[in-house]
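In: Quick one, structure for this:
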Amino acid sequence: MVVLENLTKTYVLQGKRKTVAQNINAVFPTGVSVALLGRNGAGKSSLLRMIAGTMLPTSGRILSTGTISWPVGFAGSFHGDLTGEQNCRFVARIYGVDTDEVIAFVRDFAEIGQHFYLPIRTYSSGMKSRLAFGVSMAVPFDTYLVDEVTAVGDAQFRAKSNRVFNARMEKAGSIVVSHNLRSLRDICDAGAVLENGRLTYYHDLADAIEHHRSNMHIAGDV
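Out: Numbering: from 1, shown residues only. A predicted model of the protein is given here:
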């Protein structure tokens, strides 16, 4: 369970203030996959980063009864001079999970051959994405954060990625940001709409999508 208590986030840019979270109080239940909806610039990614702990709120706090992932597929924390194997080992040690199991899982999942033992700076963007998604799936979490992850590889590899993610969802929940409503319907049970700094939670995803579409229509975005 992830609890937002009086959560506020305000940016100041060129002397102008923009609040993307205004005194939000909400609960994301354990084991539920929630679609986080909102127009571009509403603050969805900022909210995910605050939940992940990589961004501090202006005020308020976030509580959790379980473990929370970094954004699935995020490769920005990899060290380019370390090999794929070494980066996997580093992540496993940080999260206190079995190093050999993580390395074996990611090596088999990513399917990048001997590149796994080469520095990440030599990787193509596709190889890096495969490695990043594999590492995200190798470490078990109670809640996975997903921010517009784009599937990589051929159809067979994408299908494998979906199978692994769905298997994780059998024992965990997620908070998912995506503009692809079809994907959200496949993944999520519930929804939350972020608009003008306010968050409205819906136990039924269809209600959240209806609210979101109404917002977009009013704004002339669709």
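
In: For the residue nearest to Y117 when sequence neighbours are not counted, give the beta-bridge partners.
Out: For Y117, ignoring the flanking residues on the chain, the nearest one in space by CB to CB, 6 or more residues apart in numbering is T83 at 5.2 Å. Where C-beta positions appear, they are placed from N, C-alpha and C, glycine not excepted. When bridges are called by DSSP bridges, T83 pairs up with P119.

In: T83 contacts I120, correct?
Out: Yes. Using CB atoms under 8 Å, T83 is in contact with I120, at 7.1 Å.

In: quick one, which of those two is more surrounded?
Out: I120 (21 against 17; other CB atoms under 10 Å).

In: per-residue confidence at the more buried one?
Out: Looking at I120, its pLDDT reads 95.

In: Tell me the helices and strands packed up against the helix-or-strand element of the chain with minimal mean pLDDT.
Out: Scoring the helices and strands of the chain by mean pLDDT, DSSP states H and E places helix 155-169 at the bottom, with a mean of 86. Under the contact definition 3 or more CB pairs under 8 Å, 6 or more residues apart in numbering; DSSP states H and E, helix 155-169 sits against helix 125-138.

In: In CSV, could you pull the C-alpha coordinates for the next helix or strand after the helix it packs on?
Out: Along the chain past helix 125-138, the next helix or strand (assigned with DSSP states H and E) turns out to be strand 143-147. Written as CSV, here are the backbone C-alpha positions of strand 143-147 (Å, rounded to 0.1, in the frame of the first residue of the first chain):
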residue,chain,number,x,y,z
THR,A,143,4.6,-2.1,-6.2
TYR,A,144,6.1,-1.5,-9.6
LEU,A,145,6.3,2.0,-11.2
VAL,A,146,5.9,2.2,-14.9
ASP,A,147,6.4,5.4,-16.9
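
In: neighbouring strands for strand 143-147, and are they parallel or not?
Out: Strand 143-147 has these strand partners (DSSP bridges): strand 68-71 (parallel), strand 173-177 (parallel).
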